[in-house]
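Novice: Have a look at this fold, sequence not included:
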């Protein structure tokens, strides 16, 4: 057996999904008068790119109207403030001539304070209406919110679109997730990325049906989804794969992930120190290993720390230098005599029972 520090592999099946995905919808209604050539299934768009334009003549006219109404409201407020100044002057003269003072309520009426507040309210309403008209005009230009690939388009040049009507589906291209399922007893062997800066376990992602036998993408174990998978009761984990479509130069020779595809995820587990590693077929029934000691078979119980698809990791019951029987024996009992099988004039590590 091989001894040392090992990182076992946890194998899982997962599905590819985008980290950022949205259904693009307009916030205003109108006729589509311009459509980006990139806004088609499979097209790529950059954050801020103009995807389509809605006819804006009506919105420009509405903005002019709202600006005029705002100017009118501001002018009325200035006129009312001038009337207040005149009323205050007349009140001071009356007070000087007659020595009379009004109650606070009556004074507010004389100084036209209710009229001022009403005019100020009309200005604020006109400002809000003007801001909304300006915003609606800006919304006639629809831009990409992030770097994305177009998955679906449901609008064409000349289409009449309504507020909230679906236009297209976009998926961000900076990062994809692979949502994989792992048994609950494997969670303690996984390392998840956290806010302290610790990187998660490295993961090799393979798509056997679409990629070559040696092709894979490298991801990072990000987080544990706080819900078990429905029928299987397996834990759900998220693996992040950067630049999943291999558009950056450093990934130019690597394959692209496809949203919705089922892929294999080989997750590197926590390190196991001071263990012995054996090929998995050499672990026999009831967690035992067959050894050859002094020419005889010894059925040795072992303590298995972990086992993956290829290997078992043992922390007690074996010692470095033990001779492990690799041959499947017809008769198994302690003390049965064994001999090494010859191979090409030499000896290999296979053993057979002595006749």
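Specialist: Noted; the coordinates are in hand. Keep in mind it's a predicted model, so treat the numbers as computed, not measured. Numbers count the residues shown, from 1 in each chain.
Novice: I'd guess residue 63 is in a helix, am I close?
Specialist: Yes: looking at residue 63 with DSSP: H, G, I helix; E, B strand; the rest coil, it is inside a helix.
Novice: what's the neighbour count on it?
Specialist: 21 (other Cβ atoms under 10 Å). C-beta: built from backbone N, CA, C; applies to glycine.
Novice: hang on, it packs against residue 131?
Specialist: No: applying Cβ atoms under 8 Å, one finds residue 63 not in contact with residue 131, separated by 9.9 Å.
Novice: right, and the secondary structure at the residue lying closest to residue 208 once chain neighbours are set aside would be what?
Specialist: Excluding the flanking residues, the one nearest residue 208 by Cβ to Cβ, 6 or more residues apart in numbering is residue 264, at 6.6 Å. State at residue 264, reduced to three classes by three-state DSSP: strand.
Novice: correct me, but residue 264 touches residue 206?
Specialist: Yes: Residue 264 is within contact range of residue 206, at 4.6 Å (criterion: Cβ under 8 Å).
Novice: how far is the helix or strand harbouring residue 236 from where the chain is centred?
Specialist: Element membership for residue 236, per DSSP states H and E: strand 235-242. Relative to its chain's centre, strand 235-242 lies at 8 Å (Cα atoms, centre = their mean, to the nearest Å).
Novice: just for the chain, where's the confidence low?
Specialist: Within the chain, the stretches with pLDDT under 70 are 1, 94-100, 102, 195-197, 342-355.
Novice: What is the distance between the lengthiest strand in it and the centre of its chain?
Specialist: Of all segments of type strand in the chain, defined using DSSP state E, the longest is strand 217-228. For strand 217-228, the separation from the chain centroid amounts to 10 Å (computed by Cα atoms, centre = their mean).
Novice: and the angle from that strand to strand 235-242?
Specialist: 150 degrees (axes from the mean of the first three to the mean of the last three Cα atoms, to 10 degrees).
Novice: what's in contact with strand 217-228?
Specialist: 177-179, 184, 187, 190-193, 199-206, 234-242, 244, 254-255, 257, 265, 267 (Cβ atoms under 8 Å, 6 or more residues apart in numbering).
Novice: Mind listing the strands it pairs with, and their directions?
Specialist: strand 202-206 (antiparallel), strand 235-242 (antiparallel) (DSSP bridges).
Novice: what packs against the helix or strand residue 298 falls within?
Specialist: Using DSSP H and E, residue 298 falls within strand 296-301. Under the contact criterion of 3 or more Cβ pairs under 8 Å, 6 or more residues apart in numbering; DSSP states H and E, strand 296-301 touches strand 288-293.
Novice: on that earlier part again, tally of neighbours for the residue nearest to residue 208?
Specialist: 17.
Novice: measure it to residue 296 for me?
Specialist: Separation of residue 264 from residue 296 (Cβ to Cβ, to the nearest Å) stands at 42 Å.
Novice: doesn't residue 200 make contact with residue 193?
Specialist: Yes: between residue 193 and residue 200 there is a contact at 3.8 Å, judged by Cβ under 8 Å.
Novice: shared neighbours of these two, which are they?
Specialist: Common neighbours of residue 193 and residue 200 (Cβ under 8 Å, 6+ apart) are 220, 221, 222, 240.
Novice: Of those - the most surrounded one?
Specialist: That'd be residue 221 among the shared contacts of residue 193 and residue 200, by other Cβ under 10 Å, with 26 neighbours.
Novice: quick one, which of residue 193 and residue 200 is more surrounded?
Specialist: Comparing residue 193 with residue 200 by other Cβ under 10 Å, the one with more neighbours is residue 200, at 21 against 16.
Novice: For that one, give its distance to residue 260.
Specialist: Distance from residue 200 to residue 260, by Cβ to Cβ: 23 Å.
Novice: What of residue 26?
Specialist: Taken as Cβ to Cβ, the span from residue 26 to residue 260 is 27 Å.
Novice: Neighbour count for the two, which is higher?
Specialist: The neighbour count for residue 26 versus residue 260, taken as other Cβ under 10 Å, is higher for residue 26 (20 against 9).
Novice: A strand includes that one, no?
Specialist: No: counting by three-state DSSP, residue 26 is located in no strand; its state is coil.
Novice: Quick check: nearest residue in space to it, chain neighbours excluded?
Specialist: residue 161 (5.4 Å).
Novice: Surely the one you found is in contact with residue 27?
Specialist: No: counting by Cβ under 8 Å, residue 161 does not reach residue 27; the two are 10.6 Å apart.
Novice: related to what we said a few turns ago, tilt between the strand holding residue 298 and strand 288-293?
Specialist: Using the same axes, to 10 degrees, strand 296-301 lies at 150 degrees relative to strand 288-293.
Novice: Strand 296-301: which residues count as buried?
Specialist: 297, 298, 299, 300 (16 or more other Cβ atoms under 10 Å).
Novice: cool, and stretch 112-120?
Specialist: Buried residues in stretch 112-120, defined by neighbour count with 16+ other Cβ under 10 Å: 112, 115, 116, 119.
Novice: Thank you kindly, that will do.
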